[in-house]
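# Fold the following for me, if possible:
(chains A, B, C and D)
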Amino acid sequence: MPTTIHIKAFGMVAEKIGTNEMSIDHIGDSVKLLDALLVKFPELKTVKFSLAINKMLVSENQKIPENAEIALLPPFSGG
Amino acid sequence: MPTTIHIKAFGMVAEKIGTNEMSIDHIGDSVKLLDALLVKFPELKTVKFSLAINKMLVSENQKIPENAEIALLPPFSGG
Amino acid sequence: MEKERRPKNIFVQGPISPESIAKSIANHGSKTDIGGHSIFLGQVRADAKAEGNVIAIDYSAYEAMALEKAFEIREAVFAKYPLNCMHIYHSLGEVKVGELCLFVFTSSKHRKAAMDACDELVERIKAELPVWGKEILDTQGHVWKLNT
Amino acid sequence: MEKERRPKNIFVQGPISPESIAKSIANHGSKTDIGGHSIFLGQVRADAKAEGNVIAIDYSAYEAMALEKAFEIREAVFAKYPLNCMHIYHSLGEVKVGELCLFVFTSSKHRKAAMDACDELVERIKAELPVWGKEILDTQGHVWKLNT
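Alright, predicted model coming up:
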């Protein structure tokens, strides 16, 4: 049984892809995950967003732990 | 009849000279006034203070208009 | 002295009320080593966009990450400045034009630390917390807020 | 926009209440071009002096000169920063330890102007207004406050 990745989407990204929560089969690292997401949701090519793995922002390619919580974060605009 | 100068004293200066208001005969400029004050109140030699003529701080010797309002101002400590 | 070592909630539902600010200020009357408080308040502006006029902002957040990040910022700012107290509140959900969405409150013995820490907190909150503002327009559409 | 051209009173008798601050904040809810407020509050500290502990400060001022000077400062800061609003309140008479003696409140479209203007106002108020604080001690004596 493959482990899964839990994905949360926020703000403009959630709006673009039409959902704010989904699970997918495990993918090994963040670059491969991004590729898979862009295939699944081509509309993501038109928005700026960052990736967080277990609540930490990803800056370069990074391994994805099993059952990780991934978040797709558009530019922050609090305050 | 000589014109007068109205003198207000504040804070530590008023405390030192024991009054916060007095009138004296007119004196021509601020340097002469300071000299006269130090003669009348030798205790002023021990406190730091500035002079204001008609609510404007005096930085160098300045003529004193008739019926001027003079203020003796110790260092400000508002806030 | 208030230097808790665990994340605390910073989010409030809807606008931040002036009364809650007064209460927060009054709570510091017993801390007699405080000489100065610095407060920043964010208020929702009636901006005119190409698509319509802003009438409210609907805030959402990745709350768990935001609270961890707020804690990290809080600890860093406490370490950098000699502060007695620090409070951060940010709205979630709808905040109408003219209402308050952010309340940052720092206190110190001498004024400079409170002022500098407050400025730094506001900058970091806006740049680093995963919070998003959806600007609701009078044309029934919306645009996503951009921080500059 | 509030840019009055005549000196306005800045002095209040006794401490500044948190409720009056809340009211002042709430009054800005109708000014929908404001995006940020910056507030500084001065609070009386229980300082330990060689002669005893401070229990209150008794403020006095050369009021007529202070109001003219406050007006001059106000106009200069309005000219320097794009502000929507500016309010200054300073206590006269007795303010006990833990109570508030100074309330400076600036508002602007973008946060930076309000923050910078508030800082500058506080510095100028402390340096330039003819106001004096007599620190009342628990030994029944007093010392004159010194601004650093």
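# first vs last residue of stretch C:133-145, how far apart are they?
5 Å (C-alpha to C-alpha, to the nearest Å).
# That one close to chain D?
No. Using C-beta under 8 Å from any C-beta of the partner chain, stretch C:133-145 never reaches chain D; the gap is at least 11.2 Å. C-beta coordinates here come from the backbone N, C-alpha and C atoms, glycine included.
# Find the residue closest to the residue in chain C that chain A sits nearest to in space, skipping its chain neighbours.
Nearest residue of chain C to chain A, counting by C-beta to the nearest C-beta: residue C:131, 3.0 Å away. By the measure of C-beta to C-beta, 6 or more residues apart in numbering or on different chains, the closest residue to residue C:131 outside its immediate chain neighbours is residue A:78, 3.0 Å from it.
# For residue B:64, see how far away the one you found is.
60 Å (C-beta to C-beta, to the nearest Å).
# Among these two, which residue is more densely surrounded?
residue A:78 (24 against 20; other C-beta atoms under 10 Å in any protein chain shown).
# from memory that one sits against residue C:134, does it?
No. Taking C-beta atoms under 8 Å as the definition, residue A:78 is not a contact partner of residue C:134, at 11.9 Å.
# Between these two, which contacts overlap?
The contact sets of residue A:78 and residue C:134 overlap at residue C:59 (C-beta atoms under 8 Å, 6 or more residues apart in numbering or on different chains).
# do stretch A:27-43 and chain C meet at all?
No. Using C-beta under 8 Å from any C-beta, stretch A:27-43 stays clear of chain C, with a minimum separation of 14.6 Å.
# So which bits of that stretch are buried?
A:27, A:30, A:33, A:34, A:37, A:41 (16 or more other C-beta atoms under 10 Å in any protein chain shown).
# Name the nearest of those relative to chain B.
residue A:30 (52.4 Å).
# Flag every residue of chain C that's near chain D.
Going by C-beta under 8 Å from any C-beta, the residues of chain C near chain D are C:18-19, C:21-23, C:25-26, C:28-46, C:97-100, C:107, C:109, C:111, C:115, C:118-119, C:122.
# Name the strands paired with whatever helix or strand residue A:22 lives in and say parallel or antiparallel.
Using DSSP states H and E, residue A:22 maps to strand A:21-25. With DSSP bridges as the test, strand A:21-25 is paired with strand A:4-9 (antiparallel).
# Which element is encountered next along the chain beyond the strand it pairs with?
Criterion used, DSSP H and E; the element after strand A:4-9 is helix A:11-17.
# Report the distance from that next one to the chain centre.
11 Å (C-alpha atoms, centre = their mean, to the nearest Å).
# Break down chain A into its strands, ranges please.
Per DSSP state E, chain A carries strands over the ranges A:4-9, A:21-25, A:50-53, A:56-57, A:69-73.
# now the residue nearest to the spatial centre of chain A: how far from chain C?
Nearest residue to the geometric centre of chain A (C-alpha atoms, centre = their mean): residue A:72, 4.1 Å. Note on residue A:72: its distance to chain C, by C-beta to the nearest C-beta, to the nearest Å, is 10 Å.
# in terms of contact, does that residue touch residue A:47 like I think?
No. The pair residue A:72 and residue A:47 does not pass the contact test of C-beta under 8 Å, sitting 9.1 Å apart.
# Ignoring the adjacent residues along the chain, who's closest to the residue of chain A found nearest chain B?
Across chain A, no residue is closer to chain B than residue A:79, which sits at 28.4 Å (C-beta to the nearest C-beta). Nearest residue to residue A:79 in three dimensions, chain neighbours excluded: residue C:126, at 4.2 Å (C-beta to C-beta, 6+ apart).
# Is the top strand by length along chain C in proximity to chain A?
Determined from DSSP E, the single longest strand within chain C is strand C:83-96. Yes. For strand C:83-96, a contact with chain A is found by C-beta under 8 Å from any C-beta, at residue C:90.
# cool, and stretch C:52-59?
Yes. Stretch C:52-59 is in contact with chain A by C-beta under 8 Å from any C-beta, via residue C:59.
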